[in-house]
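*Asks:* Predicted model, plus sequence, below.
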Amino acid sequence: MALDLLSAQRILAIDSELNKIRDYDILLDRVLFEARKLANADAGSIYVKEGDFIAIKFAHNDTKQKLLPEGEKQAYPHFTIPISEKTISGYVAMTGELLNIKNVYSLPKGSPYSYNADYDRQSGYKSKSMLTLPLKTENNKVLGVIQIINALNGKGGVRSFTKEDEAAVTHLAEKATVALQRAYMTRSMIMRMIRMAEMRDPKETNAHVNRVASYSLELYERWAFKQGYDQKRINKEKDIFKLAAMLHDVGKVAISDLILKKPASFTPEEYVIMQTHTTAGARLFDDLLSDFDTIAAEVALTHHENWDGTGYPGWVDPQTGLCERMDDQGRCIRRKGKEIPVWGRIVAIADVFDALISRRVYKEPWGEEEVFKTLCELSGREYDAQKERLGGFLEQPKTIKFDPDLIEIFFQVLPRIREIRARYPEED
């Protein structure tokens, strides 16, 4: 399929942008966005192959998005589809062939696949035209599937996908696959570091770090939107932050097993040693000319600081371990408020939320309402259970651990938080 000059130029520009993205999930989301944009498609989904299934990773729907308040993102269910000829996306994953369907409710006679209208009934959205194509490597290995829905004409009505749409999105998919393979290698290296930490600390599971990083990303995007950041800056920073958040506790590899795996409470001396995982983690990222290293170091160093200045490690130089700011009694001054980088303030919330709501060897998972109440109390506020948001101020608050504005944002993105928990369940 041949491309016209304008489409070829657009894809070259997109390819350049895709190759700047390092995080695998963020790249998948961007690929779906660009595929829809090329064909002016109203909706779509992107799937990744996982064994004998394809799993949905991202879904977009402009019509549904317009119904939401500005800055709010859609939540969507996580599900898998068997790779077989029975469904449209499963058929494409199985055969590696493109399907261009004019109307999913009027499939050609004899088609082995069918369309499950339950998706439309549940969402209140009517699908019609659908272009589904594989993400394939150069040796024809299928990595996933892109499915875009309801191409729009100049008046906003639904049209069929054209041969030109097929050509443009197919070329994009070819370029995207190369970028995805590179991002997958980056993700694999990150996950190897995390598995090293998991060998030392069983709490640092694959699912835990993916959830913490994904929660953090949702909080950051809404926070950055409220700060008035432009989308280009948000896209750049969220890509770096996602990877950095995954490595928030990597410094635990420097802590002795006698302390890290101790089944009982720490002694005061052991607790001081445990706190050094923050500076040890920051030391791993010593190339401060790199944006990634700068943010990763700040996350590792500051995600245990508290909003009221009662956290740790405080104003410490991670390279030397020496305190940079002391009070008049010779004690290291702790960071507080906005002295704590936003990266650390966000990961603190994501990490504690996941720890409380998940099962651990030493505790059962807490219920949602109990977790939400605790998060609010640790920001100096009450929990409004009926509306699932921050309530009034506490008369005698406990330690104020969290940035109150970020806890407010946490409840604003709660549908996405719940979707992330479903996407990364704890392994048995």
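*Replies:* That came through fine.

*Asks:* got a list of what Lys252 touches?
*Replies:* Lys252 makes contact with Ala197, Arg200, Asp201, Glu204, Leu260, His277, Ala280, Gly281, according to Cβ atoms under 8 Å, 6 or more residues apart in numbering. No exception for glycine: its C-beta is placed from N, CA and C like everyone else's.

*Asks:* is it possible to export those residues to JSON lines including distance to Leu378?
*Replies:* Shown next, in JSON lines, are these (distance: Cβ to Cβ, whole Å):
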{"residue": "Ala197", "distance to Leu378": "25"}
{"residue": "Arg200", "distance to Leu378": "27"}
{"residue": "Asp201", "distance to Leu378": "23"}
{"residue": "Glu204", "distance to Leu378": "22"}
{"residue": "Leu260", "distance to Leu378": "25"}
{"residue": "His277", "distance to Leu378": "21"}
{"residue": "Ala280", "distance to Leu378": "25"}
{"residue": "Gly281", "distance to Leu378": "23"}
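
*Asks:* quick one: the strands in the protein?
*Replies:* 41-50, 53-61, 80-82, 99-101, 130-136, 142-152, 158-159, 381-384, 389-393 (DSSP state E).

*Asks:* mean confidence for the longest one?
*Replies:* Across strand 142-152, pLDDT averages out at 97.

*Asks:* That strand: which residues count as buried?
*Replies:* Within strand 142-152, the residues scored as buried using 16 or more other Cβ atoms under 10 Å are Val142, Leu143, Gly144, Val145, Ile146, Gln147, Ile148, Ile149, Asn150, Ala151, Leu152.

*Asks:* Mark out where each domain of this structure begins and ends.
*Replies:* Split into domains by automatic domain parsing, the chain comes to 5-184, 201-423.

*Asks:* export those domains to TSV and tack on distance to Met193?
*Replies:* As requested, these are arranged in TSV below (distance: least, Cβ to Cβ, whole Å):
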stretch	distance to Met193
domain 5-184	14
domain 201-423	6
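
*Asks:* nearest to Ile190, of the ones you listed?
*Replies:* Closest approach to Ile190 among those (Cβ to Cβ): domain 201-423, 5.7 Å.

*Asks:* first vs last residue of that closest one, how far apart are they?
*Replies:* 23 Å (Cα to Cα, to the nearest Å).

*Asks:* picking that back up, for the domains of the chain, which one sits closest to Arg192?
*Replies:* Comparing the domains of the chain by Cβ to Cβ, domain 201-423 comes nearest, at 11.0 Å.

*Asks:* Under the pLDDT cut-off, which ranges of the stretch 201-350 of the chain? List them.
*Replies:* 202-204 (pLDDT under 70).

*Asks:* if you set the cut-off to 50 instead, what comes out?
*Replies:* In the prediction, the stretch 201-350 of the chain carries no residues with pLDDT under 50.

*Asks:* Now for the closest residue to Tyr115 other than its chain neighbours: which residues touch it?
*Replies:* Distance criterion Cβ to Cβ, 6 or more residues apart in numbering; nearest residue to Tyr115, sequence neighbours excluded, is Val104 at 4.0 Å. Contact analysis of Val104 by Cβ under 8 Å, 6+ apart lists Ile88, Tyr115, Ser127, Lys128, Ser129, Met130.
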